[in-house]
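Colleague: Predicted coordinates and the sequence they were generated for:
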Amino acid sequence: MKRPSDPFRQMQMLTDRMREAMALHRRRRPARPSLWQPPMDLRATDDAYVIALDVPGVARQEIEATAEDGIVRVRGRVESPEKLSEARRVRGERTLGDFARSIRLPSDADTSNTSATLAKGVLTITVGRRAGSGRITIDVEE
């Protein structure tokens with residue numbers, strides 16, 4: 001097999017081979033729960049911080065979220081939707097098991113003013129911002 005001259009393509013091929021080898025190794029080990037972190041975005045608006053976490057396939061009752069002391073903590077569990085007792089796993093790329101994520105917010109976050117929604121596999125947590133913090137107006141004397 002001829003090696004591609006593009007170093008990025010070589011790196012991609014190496015990464016693919018490593019993933020396949022790791023997946024084969026995981027299939028040989030007994031299944032055990034794992035702890036992982038869902039990907040997230042943190043955005044700031046004028047009056048709130050908005051956290052969006054990807055939790056596809058997670059039911060509302062499987063998620064616990066708390067907000068205190070400037071930290072939002074989210075815990076939950078993703079279970080395989082299929083119950084295929086006789087099927088052999090050929091390839092597995094989905095992350096399953098317990099997850100946890102802690103997000104430290106800036107000092108002007110008001111964790112007493114928090115709400116959350118779960119829609120289309122995205123958990124959106126909105127945390128208010130305290131008024132009076134942030135920018136300081138500087139008057140210029142002439």
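Modeller: Nice, thanks for sending it over.
Colleague: where in this structure is pLDDT low?
Modeller: For the chain, applying pLDDT under 70 flags the ranges 1-4, 24-34, 81-87, 132-138, 142.
Colleague: for this structure, longest strand please?
Modeller: In terms of residue count, the longest strand belonging to the chain (DSSP state E) is strand 109-119.
Colleague: outside of it, which residues touch it?
Modeller: Here strand 109-119 makes contact (Cβ atoms under 8 Å, 6 or more residues apart in numbering) with 49, 55, 58, 60, 63, 65, 67-72, 105, 123-130. Heads up, the C-betas are built off the backbone N, CA and C, glycines and all.
Colleague: ok, now with 10 Å
Modeller: Here strand 109-119 makes contact (Cβ atoms under 10 Å, 6 or more residues apart in numbering) with 44, 47-49, 51, 53, 55, 58-60, 63, 65-72, 74, 103, 105, 123-131, 133.
Colleague: Drop anything exposed from these.
Modeller: 48-49, 51, 53, 55, 58, 63, 65, 67, 72, 74, 103, 105, 123, 125-129 (16 or more other Cβ atoms under 10 Å).
Colleague: Next step: these restricted to strands.
Modeller: Filtering those for strands - DSSP E - leaves 48-49, 51, 53, 63, 65, 67, 72, 74, 103, 123, 125-129.
Colleague: Stretch 35-47 spans what distance, first to last residue?
Modeller: Using Cα to Cα, to the nearest Å, the end-to-end distance of stretch 35-47 comes out at 33 Å.
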